[in-house]
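K.L.:
structure for the following, please:
(chains A and B)
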Number of protein chains: 2
Amino acid sequence: MNSSSITRPTLLLDEKKCRSNIERMVKKAIDHHLKFRPHFKTHQSADIGNWIKDMGIETCTVSSVKMAEYFAGYNWKDILIAFPVNVLEGEKINELAGKLKLQILVYSAESLRLLNKKMDHSIGVKIELDVGSNRSGLRTNQHKEIDEILKTIEEGPNFHFTGFYSHPGHTYTSRSKEEVLEKYTAILEELDTLKTHYEHTPGFLITIGDTPGCTLADDFGHVNEISPGNFVFYDVMQVDIGSCTYDDIAVVMACPVVGKNKDRNELLIHGGAVHFSKEQLTDSDGTSHFGKIAIPKECGWDSCVPEAYLKSVSQEHGLVHATQEMLEKIRIGDLLYVFPAHSCLSADLMKSYLTTEEIKMDSASAFMS
Amino acid sequence: MNSSSITRPTLLLDEKKCRSNIERMVKKAIDHHLKFRPHFKTHQSADIGNWIKDMGIETCTVSSVKMAEYFAGYNWKDILIAFPVNVLEGEKINELAGKLKLQILVYSAESLRLLNKKMDHSIGVKIELDVGSNRSGLRTNQHKEIDEILKTIEEGPNFHFTGFYSHPGHTYTSRSKEEVLEKYTAILEELDTLKTHYEHTPGFLITIGDTPGCTLADDFGHVNEISPGNFVFYDVMQVDIGSCTYDDIAVVMACPVVGKNKDRNELLIHGGAVHFSKEQLTDSDGTSHFGKIAIPKECGWDSCVPEAYLKSVSQEHGLVHATQEMLEKIRIGDLLYVFPAHSCLSADLMKSYLTTEEIKMDSASAFMS
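P.N.:
Residues are numbered from 1 along each chain as shown, chains lettered A, B, ... in the order given. Here you go, the predicted model:
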C-alpha cells in the first residue's frame, strides 16, 4: 500500500484477512450446525457488519444499548445486547424493542422486575450463565435463581425466554489449544446437565461466545449458537492462546517513528495508551509487552519480528524494543506496524480504520461518548 | 446533584474542585516565579481551558498536533506540542506555526533537518531532556548531540531555540513526597549543571512538567517554567504518590450497577476498559485495582471507601470488590462513583464530562480519530 497518506497513528485493516477470518467462522458454525450471532463489540463497524451480512448472517451481538442503536441504524434487525441489562436504560431498550427483534441478558429477577415497568414492546430474555469466568451470570446449578427469573419472564407480559448465554472468559488465560479444550470439556458438561434439567422448558437456545473456544473446539455439545467477536481481527493475545497465527491478524497500528535510542535498543513511536489501551501481555520467558511488531510489505504486512515488542506505553508515547536490524534500517519518519495486544480495545480507541486499499471506515465508537 | 439524568457510564466533573486545583497550581507558579504552561492532554477540554484562562494563563502545552489544532480553534495562541516532533505531520505543523506562536520538541538533529524542508513559518524549538524517566530525550550531558541540534536550529531559517523541556515521568513511581523530592533534587542538580554549561546561549527557558514534582516540590532550582497536566483532576495514582488526597480528585466515573454477587462480595457495574482504560495500580498490601470507590453526596462526592476497589475490567464490565455495607445498601439501578486510577486516560476515552451542575462539556478526543 501507499502509506504516504498516513501521518499519525492509524489502525490499518486488511480486508482480505478479515473476510477470511469471518468466512472461516461462518463455515465452522455451518459445519457444526450452530447458529451464528457474531459479537460486534470488536469491530463496531457498519462496513464490517456488511461483510458479515455478505456471508448470509442476519443476527448479531453487541455489548451496549448505544451499540445496538448504532447497528439498528444500519438495518440490523435481530440484536442481542450481551451485557447484564442496565435498567437505567429501560426507555431506550423499550424503544429499540419496538423497532427490531431485540434480546437482553439478565442474571437476576430483580433487574427484570425493574425493567418490566418500562417495557411495552416484546423483548427476548436470555439468562446469563457463569461457566467459570467468575465475572457475571448465575452458575448452572443455581436452579432457584434461574427458576425465579423464568417465573418473572412469564409474569412480564412483554418478556419471552430465549435461552441461556455464556461468555467463558476464562479461556482467555489459556496458553494452548489443549488448555482451551480442557476448559471447554468442563463447560459443555455443565451445560449438558443444565439442558437436561430444563428439558421441559420449551424452545430455548444455549449460546456461547468466546473466540478461543469457538475457534479451537470441535465439540460443542448441546450448544446451539455461537457469538464470538474478536475472531474478525484476532490479536497477539489470541496468538498466545493458540487461536490463530500472526498471519491471521487483520489489523495493525501504523505508528510514526519519532525517535531512536540506540544505546537501549529502542525506537520511540507515536502510539501510546490512547491508541493501544494498556492491555499488557507476558511472554513465556517473562517479557511483558503491549504489542508485537509486524513486517510491512507492499500491500499490508507479513508475520511478526520475533524479538521486537512494544515494551511500554504512556499517553501518546510507545517505546519499542527493537532488533539491531530494525535500529539500522528504520529511520525517523518511517511507519512502524504494531500488532495490538488486544484488538477490541485498540479498535474502540481508534474510532476508524484505514483499509490496505486506503478506504477509511468509521466505527461506532466515533459516535459514542 | 440530580443523577436521574445519568443512565450510562458518565465522567462527572466537580468544577469547584477542578478550579481549586487550577488556582493552587497557578499560585504555586506565581509564588516560585515560574512561568505556567499547563499541559492540556489531561482534560482536552475547551471549557477547562477557559477556566485556566480565567486565572490569567495564556500559554499551554499539548501532546499532539491534533490537540494543538483543537485548542488553536479555541483561541489559544501560544502552544507547545510536547511530543518529539512527528515529521510526517510537517505540513500541519507549518500551517499551525503560521497562525500562532508554536513550539515543538526535538531530541535529534535528524528530526529537525527532515522538518526543515516543510517549514516556511517561524517556530520555536525546545530540546527534550531525559532527566531519569528513560523514555525520550537526550541526557543533560549529551553535549555533542545537544550542540548538533543547536547548530541545526541556527541553520534552519525558521527555527529559533526556546529552551530545554523535560517530563520527569519517573516521579510517578514514587510512593511518598520524600521520594518525589529526592528525585527532584537529583533532577535539579542535573539541570543546574546544564544551565551552567549553556550559560552563553541566549534567552532560553528550562521547563519541567510532571504533576507529582510540580505539586510537591518547593525548590525548582534553575527551572523557569512548569507544565503539569494531571493536577486539574488528580486521580488515585496521584493519591498513591502523595500529590493529593481523595478530596482533591475532581472527576469520578458514574457507573450503573447491573449485578450483585454477594458470595464474592462483588458488584458488577457498567464501566470497563473502554471507560477506564486498563491502568492498574497496586496498593501497599499488594492488592491490584483499576480505581477506588467514592462516596456520593448530594452535589458530588466525598472521600473514598477504604476497603472497596474496582478489581477487574473487561471491555464494558467492571467488577467491584464491595464492603458488606455497600452490598446491603446499593441496589441494581443505582449509580456507583469510581475514582479512576488514571484520570488522563479515562478523560480521553469518555470524550465528554458532565459537571455536578449538570452541564455537558465536550473534549478534544470526541473530534480526534
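K.L.:
the strands in the stretch 201-350 of chain A, which residues?
P.N.:
A:205-208, A:225-226, A:251-261, A:266-270, A:281-282, A:288-289, A:291-297, A:300-313, A:317-321, A:335-340 (DSSP state E, counting those that start in this stretch).
K.L.:
can you name every helix or strand that the first one contacts?
P.N.:
Taking 3 or more CB pairs under 8 Å, 6 or more residues apart in numbering or on different chains; DSSP states H and E as the contact definition, the neighbouring helices and strands of strand A:205-208 are strand A:159-166, helix A:177-197, strand A:225-226. C-beta coordinates here come from the backbone N, C-alpha and C atoms, glycine included.
K.L.:
so what's the residue count around the nearest residue to residue A:218 once chain neighbours are set aside?
P.N.:
Spatially, and ignoring its direct neighbours in sequence, residue A:218 is nearest to residue A:32 (7.7 Å; CB to CB, 6 or more residues apart in numbering or on different chains). By other CB atoms under 10 Å in any protein chain shown, 15 other residues sit near residue A:32.
K.L.:
surely residue A:32 meets residue A:220?
P.N.:
Yes: contact status for residue A:32 versus residue A:220: in contact at 5.5 Å, counting by CB atoms under 8 Å.
K.L.:
if I look at the residue nearest to residue A:218, how far off is chain B?
P.N.:
Per CB to the nearest CB, to the nearest Å, residue A:32 is found 26 Å from chain B.
K.L.:
show me what from the stretch 251-369 of chain A comes close to chain B.
P.N.:
Counting by CB under 8 Å from any CB of the partner chain, the residues of the stretch 251-369 of chain A close to chain B are A:256, A:258-261, A:264, A:268, A:270, A:273-274, A:277-280, A:312, A:314-317, A:319, A:331-333, A:335, A:344-345, A:348-352, A:362, A:365-366, A:369.
K.L.:
and these, which are buried?
P.N.:
The neighbour-count test (16 or more other CB atoms under 10 Å in any protein chain shown) marks A:256, A:258-261, A:268, A:270, A:273-274, A:277-280, A:312, A:314-317, A:319, A:332-333, A:335, A:344-345, A:348-352, A:365-366, A:369 as buried among those.
K.L.:
read off the pLDDT value for the residue in chain A sticking out farthest from the centre.
P.N.:
Relative to the centre of chain A, and counting by CA atoms, centre = their mean, the farthest-placed residue is residue A:263 at 38.5 Å. With respect to pLDDT, residue A:263 scores 94.
K.L.:
do the same with residue A:367
P.N.:
Value listed for residue A:367 in the pLDDT field: 79.
K.L.:
contact partners for it?
P.N.:
residue A:70 (CB atoms under 8 Å, 6 or more residues apart in numbering or on different chains).
K.L.:
could you check the distance from it over to residue A:46?
P.N.:
Distance of residue A:367 to residue A:46, computed by CB to CB, to the nearest Å: 10 Å.
K.L.:
who touches both of the two?
P.N.:
residue A:70.
K.L.:
end-to-end on stretch A:153-169?
P.N.:
Stretch A:153-169 stretches 27 Å from its first residue to its last (CA to CA, to the nearest Å).
K.L.:
check which residues of stretch A:86-96 are buried.
P.N.:
For stretch A:86-96, by 16+ other CB under 10 Å, it's A:86, A:87, A:88, A:89, A:90, A:92, A:93, A:94, A:95, A:96.
K.L.:
just the closest of those residues to residue A:236, please.
P.N.:
Here the nearest of those to residue A:236, counting by CB to CB, is residue A:86; it sits at 31.1 Å.
K.L.:
give me phi/psi at that closest one?
P.N.:
Phi and psi for residue A:86, reported as degrees, to the nearest 10, are phi -90, psi 100.
K.L.:
can you pull the contacts of the nearest residue to it once chain neighbours are set aside?
P.N.:
Leaving aside its chain neighbours, residue A:86 sits nearest to residue B:256 (4.7 Å; criterion: CB to CB, 6+ apart). Listed by CB under 8 Å, 6+ apart, the contact partners of residue B:256 are A:86-89, B:6-9, B:269-271, B:333-336.
K.L.:
beta partners for residue B:256?
P.N.:
residue B:335 (DSSP bridges).
K.L.:
test my guess that residue A:287 contacts residue A:308.
P.N.:
No: the pair residue A:287 / residue A:308 is not scored as a contact, 10.9 Å apart, by CB under 8 Å.
K.L.:
wait, residue A:211 sits on residue A:232?
P.N.:
No: the criterion here is CB under 8 Å, and residue A:211 misses it with residue A:232 at 9.1 Å.
K.L.:
for the residue nearest to residue A:85 when sequence neighbours are not counted, what is the enclosing helix or strand?
P.N.:
Residue nearest to residue A:85 in three dimensions, not counting chain neighbours: residue A:104, with 4.6 Å by CB to CB, 6+ apart. In the assignment (DSSP states H and E), residue A:104 maps to strand A:101-106.
K.L.:
that strand vs strand A:159-166, what angle?
P.N.:
Using axes from the mean of the first three to the mean of the last three CA atoms, to 10 degrees, the inter-axis angle of strand A:101-106 relative to strand A:159-166 is 60 degrees.
K.L.:
starting at the chain centroid, how far to strand A:101-106?
P.N.:
18 Å (CA atoms, centre = their mean, to the nearest Å).
K.L.:
what packs against that strand?
P.N.:
strand A:78-84, helix A:90-97, helix A:109-116, strand A:123-128.
K.L.:
the third one - contacts with which helices or strands?
P.N.:
Going back to what we said before, that points to helix A:109-116. So helix A:109-116, by 3+ CB pairs under 8 Å, 6+ apart, packs with helix A:90-97, strand A:101-106, helix A:143-155.
K.L.:
what does it contact?
P.N.:
A:84-85, A:87, A:90, A:93, A:104, A:106, A:125, A:145, A:148-149, A:151-153, A:155-156, A:158-159, B:258-259, B:331-333.
K.L.:
again, but for the last one
P.N.:
Counting by CB under 8 Å, 6+ apart, the neighbours of strand A:123-128 from elsewhere in the structure are A:80, A:84, A:93-94, A:97, A:101-107, A:112, A:136-138, A:146, A:149-150, A:153, A:158-166, A:207.
K.L.:
in space, what's closest to residue A:155 - neighbours in sequence excluded?
P.N.:
residue A:116 (7.9 Å).
K.L.:
next one: that neighbour from residue B:271, what distance?
P.N.:
On the measure of CB to CB, residue A:116 and residue B:271 end up 25 Å apart.
K.L.:
comparing the two, which shows the higher neighbour count?
P.N.:
The neighbour comparison of residue A:116 against residue B:271 (other CB under 10 Å) goes to residue B:271, with 31 against 17.
K.L.:
these two touch, right, residue A:62 and residue A:72?
P.N.:
No: using CB under 8 Å, residue A:62 makes no contact with residue A:72, being 9.5 Å away.
K.L.:
now do the shared contacts for the two.
P.N.:
Going by CB under 8 Å, 6+ apart, residues that sit against residue A:62 and also against residue A:72 are residue A:79.
K.L.:
of those two, which one has the most company?
P.N.:
Taking neighbours as other CB under 10 Å, residue A:62 and residue A:72 compare with residue A:62 leading, 25 against 17.
K.L.:
surely residue A:194 touches residue A:129?
P.N.:
Yes: look at residue A:194 against residue A:129 with CB under 8 Å: they come within range, at 7.4 Å.
K.L.:
identify the contacts common to the two.
P.N.:
A:140, A:164.
K.L.:
higher neighbour count, the two?
P.N.:
residue A:129 (28 against 22).
K.L.:
the closest residue in space to residue A:187 that isn't next to it in sequence and chain B: what is the separation?
P.N.:
Nearest residue to residue A:187, sequence neighbours excluded (CB to CB, 6+ apart): residue A:131, at 4.6 Å. Distance, residue A:131 to chain B, by CB to the nearest CB: 15 Å.
K.L.:
got a pLDDT number for residue A:17?
P.N.:
Confidence score, pLDDT, at residue A:17: 98.
K.L.:
please identify which helix or strand holds it.
P.N.:
Under the criterion of DSSP H and E, residue A:17 resides in helix A:15-31.
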